[in-house]
Structure formats: C-alpha cells, structure tokens
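**Student:** Sequence below, structure please.
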Amino acid sequence: MSSTVVHALYNDDDILMDAVKKTRAANHHIEEVFTPFPVHGLDKAMGLAPTRLAICAFIYGAYGLGFATWLMWNIMINPSGGWPQDIGGKPSFSYLQNMPAFVPVMFEMTVFHAAHLMVITFYMRSKLWPFKKAENPDVRTTDDHFLMEVAVKNNVEELTSFLQNTGAVEVKVVEKH
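**Tutor:** Numbers count the residues shown, from 1 in each chain. Below is the predicted model of the structure:
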C-alpha cells in the first residue's frame, strides 16, 4: 500500500523547528523528520508522546535484582540446592547476614539486565532488525540537511506552496511504499 507524502528539505535546524510548529498549527500530519544530529525540542514540537522506556528500564532492573538475589541464595546459602561456602568465616545460614558481601553482585546484575534488555527493547520498538534496509529518503540528511515528511490529505499544490513558504530549500512529492 503506497501513500503520497511531501518531502520538505531544510538547511537550518532553527528554520526546521519553525516549520514544524507552523505545519502542526496548520493541522498537517508530520510523518517523520530526518536530521543529521539530535535537535533539542523537536519531539515536543512534533507533538510526540513521552517515551515509556524508563518504565521498562525499572522493570528490567528489578528483574535483574531479583535474579541476582535468587542466584546468590541458591549458590551460597541454600543447603539443599547449592554448595554453601565458608568464605572468610562468614555465616552461610542466613542471606541477610551476608547481604553486605552480596551488594556489588546485586548492583552489577541490576545494571546488566537493565542495560541489555533495554537495548533489545529499543531495537524491537524501533523496528531495527538485523539486515534491515535503511529508510532514509535523502542522503543529504546524514550530512547537513533536515527533511520533514508530511502526509498529503487532499491538495498537493497547496501543501507544497505552504512548505515552500516555511523556508524549505526543496519540496518534492513522493510515493511512499
């Protein structure tokens, strides 16, 4: 299924920000914005919802902490499941008495699980699969230009003239697949 979009190319990030605000104010739907570097405030100007990845990071960290606790208890404390160790005279019959020795392991497992599972979640959420073909519509957006992709609702000529008036250096109509 293909749809018609208009690509407006800008050569300055301040002009792009103004164009995004004007485009949203005119009730045009911005599909995507391609930039060579992160532009501060662009997500708010586009009206994107805040990310929920921080919630996932907390859940993954809590999972890592729980896994570390379970693992250390089974390895170091549990008399029936592990091999209780007497290291430096520390008691091996209580997890709470050994807690100070386990804090570094719990911290590292929390960070390990949060970091690795967050990377996987980010790639899945962004649909960045291995061997995925790049979706960059114009190679100049990797160097010094900014591209705003706007969906066409009905009048293409009106939208292209509107985008040219926002400061675009180039505007073209494209069929998106």
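
**Student:** Output the contacting helices and strands for the lengthiest helix in the chain.
**Tutor:** Ranked by number of residues, the top helix in the chain under DSSP state H is helix 95-125. Packed against helix 95-125 by the contact rule (3 or more C-beta pairs under 8 Å, 6 or more residues apart in numbering; DSSP states H and E) you find helix 53-72. Bear in mind the C-beta positions are built from the backbone N, C-alpha and C, glycine included.

**Student:** Check the average confidence over the helix it packs on, would you?
**Tutor:** Mean pLDDT, computed over helix 53-72, is 94.

**Student:** now swap in stretch 116-123 and tell me
**Tutor:** In the prediction, stretch 116-123 has an average pLDDT of 94.

**Student:** likewise stretch 155-165?
**Tutor:** Here the average pLDDT along stretch 155-165 is 91.

**Student:** Stretch 21-31 now?
**Tutor:** 93.

**Student:** in it, what's buried?
**Tutor:** For stretch 21-31, burial by neighbour count (16 or more other C-beta atoms under 10 Å) applies to Thr23, His28, Ile30.

**Student:** So what touches stretch 28-45?
**Tutor:** Stretch 28-45 is contacted from outside by 5, 13, 16-17, 20-21, 23-24, 46, 136-138, 141-151, 153, 159, 162, 176, using C-beta atoms under 8 Å, 6 or more residues apart in numbering.

**Student:** got it, and stretch 60-73?
**Tutor:** 95, 98, 102, 105-106, 108-114, 117-118, 121.

**Student:** Those: which two are farthest apart?
**Tutor:** With C-beta to C-beta as the measure, no two of the contacts of stretch 60-73 lie farther apart than Asn98 and Thr121, at 32.6 Å.

**Student:** More neighbours: which of those two?
**Tutor:** More crowded of Asn98 and Thr121, by other C-beta atoms under 10 Å: Asn98, with 19 against 15.
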